[in-house]
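Engineer: pasting a predicted model and its sequence here:
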Number of protein chains: 2
Amino acid sequence: MSTKRPYTEALARLRAVNLRPTRQRLALAKLLFSGGDRHVTAESLHREAHGKQIRVSLATVYNALHQFTEAGLLRQVAVDATRSYFDTNTRHHHHFFSEDENTLTDIPDETIAVSRLPTPPAGKTIDRVDVVVRVRKSDL
Amino acid sequence: MSTKRPYTEALARLRAVNLRPTRQRLALAKLLFSGGDRHVTAESLHREAHGKQIRVSLATVYNALHQFTEAGLLRQVAVDATRSYFDTNTRHHHHFFSEDENTLTDIPDETIAVSRLPTPPAGKTIDRVDVVVRVRKSDL
DNA sequence: GTGTTTGCAAAGTGTTTGCAATTTA
DNA sequence: TAAATTGCAAACACTTTGCAAACAC
């Protein structure tokens, strides 16, 4: 678990991928990697940081999210045409997407399975398979 | 097949869903529904229309795509955080997404299967399951 | 004629970029 | 102090909206 020593933890992560541990990156890394798995958008992370008195610009949040993604610390998920989501769980897994609340949730890996993968078009290789189970409130 | 009599065909489709067959809507419906299954973005459809001397504004293309989608003639597909894709195939099926060319292709339904669907979070119902098989050029 | 639809231009989102000032090593 | 990073504001790409003119019925 990465709940303890969030500062050291975040610092180590940044060092490991050769990103300078600036005040902003450290703070964001702490928010992202100190709890369990998380799903954030640039906006939501920026808002969260501000709520905790961390001064960081939205542009820097965008930069950090992309740098973290490139470094393999995050994974980008495309579910909504308007916003970009980032997932701290970089292992292979799938998602629930709540269309009411616009929120992502991980699907436990054992509870879903794709069988019979198709042959990709000629000259192409499968990069990855994303399954999004779209859910909404039961009643209405 | 809807290849023949594209005008009558498009007209019938619009009538069926109670959308006034205006010149613009008819022209777009003809482009969309006269061939086989298609995947378009607002931009690509607008460009295509212009190429065929059909005068229609981008705003109208957006309106039409949304009206057609609402009417069940199209289906919206979320694969890319920046653009919205619309699919003329509204049956249940999945997609290849080429990350090199930003293009969608249908996956024949028999060649893919999702087994063991997960139980949705409490109070939620599964609306639909989208599988996107991301592919890229084999070499590099 | 009356209500609908169109096209334009303006406004709105979410995101990226250029660059001077600041910070890190 | 040299190189990297930040924050701001401007630019961007895509999409939506308000409204007068044009159109369908």
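Structural biologist: Here it is on my side, so go on.

Engineer: now stretch A:61-79: mean pLDDT?
Structural biologist: Mean pLDDT, stretch A:61-79: 97.

Engineer: again with stretch A:114-125
Structural biologist: 94.

Engineer: next, the buried residues of that stretch.
Structural biologist: Neighbour counts using 16 or more other CB atoms under 10 Å in any protein chain shown place A:Val114, A:Pro118, A:Pro120, A:Lys124 of stretch A:114-125 among the buried residues. For the C-beta atoms, the positions are set from N, CA and C on the backbone; glycine is no exception.

Engineer: beta partners for the spatially most central residue of chain A?
Structural biologist: Of all residues in chain A, the one closest to the mean position by CA atoms, centre = their mean is A:Asp87, 1.4 Å from it. Beta-bridge pairing of A:Asp87 under DSSP bridges involves A:His39, A:Arg75.

Engineer: and it, how far from A:Val79?
Structural biologist: 10 Å (CB to CB, to the nearest Å).

Engineer: try A:Val40
Structural biologist: Between A:Val40 and A:Val79 the computed distance is 13 Å (CB to CB).

Engineer: identify the residues contacting A:Gly123.
Structural biologist: Applying CB atoms under 8 Å, 6 or more residues apart in numbering or on different chains to A:Gly123 gives the contacts B:Lys137, B:Ser138.

Engineer: then A:Leu65?
Structural biologist: So A:Leu65 contacts A:Val40, A:Ala42, A:Leu45, A:Leu74, A:Ser84, A:Phe86 (CB under 8 Å, 6+ apart).

Engineer: quick one: low-confidence ranges for chain A?
Structural biologist: Applying pLDDT under 70 to chain A flags the ranges A:1-4, A:140.

Engineer: rewinding a little: could I get the buried residues of stretch A:114-125 as JSON lines with secondary structure and distance to B:His92?
Structural biologist: Formatted as JSON lines, those follow (DSSP: H, G, I helix; E, B strand; the rest coil; distance: CB to CB, whole Å):
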{"residue": "A:Val114", "secondary structure": "strand", "distance to B:His92": "15"}
{"residue": "A:Pro118", "secondary structure": "coil", "distance to B:His92": "15"}
{"residue": "A:Pro120", "secondary structure": "coil", "distance to B:His92": "21"}
{"residue": "A:Lys124", "secondary structure": "strand", "distance to B:His92": "23"}
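
Engineer: just give me the closest of these to DNA strand C.
Structural biologist: Taking CB to the nearest atom of the strand as the measure, DNA strand C lies nearest A:Lys124 of those, at 24.2 Å.

Engineer: beta partners of the closest one?
Structural biologist: Residues in a beta bridge with A:Lys124, per DSSP bridges, are B:Lys137.

Engineer: now swap in A:His95 and tell me
Structural biologist: When bridges are called by DSSP bridges, A:His95 pairs up with A:Asp106, A:Val132.

Engineer: can stretch A:76-89 be said to contact DNA strand C?
Structural biologist: Yes: looking at stretch A:76-89 against DNA strand C by CB under 7 Å from any atom of the strand, the contacts come from A:Thr82, A:Arg83, A:Ser84.
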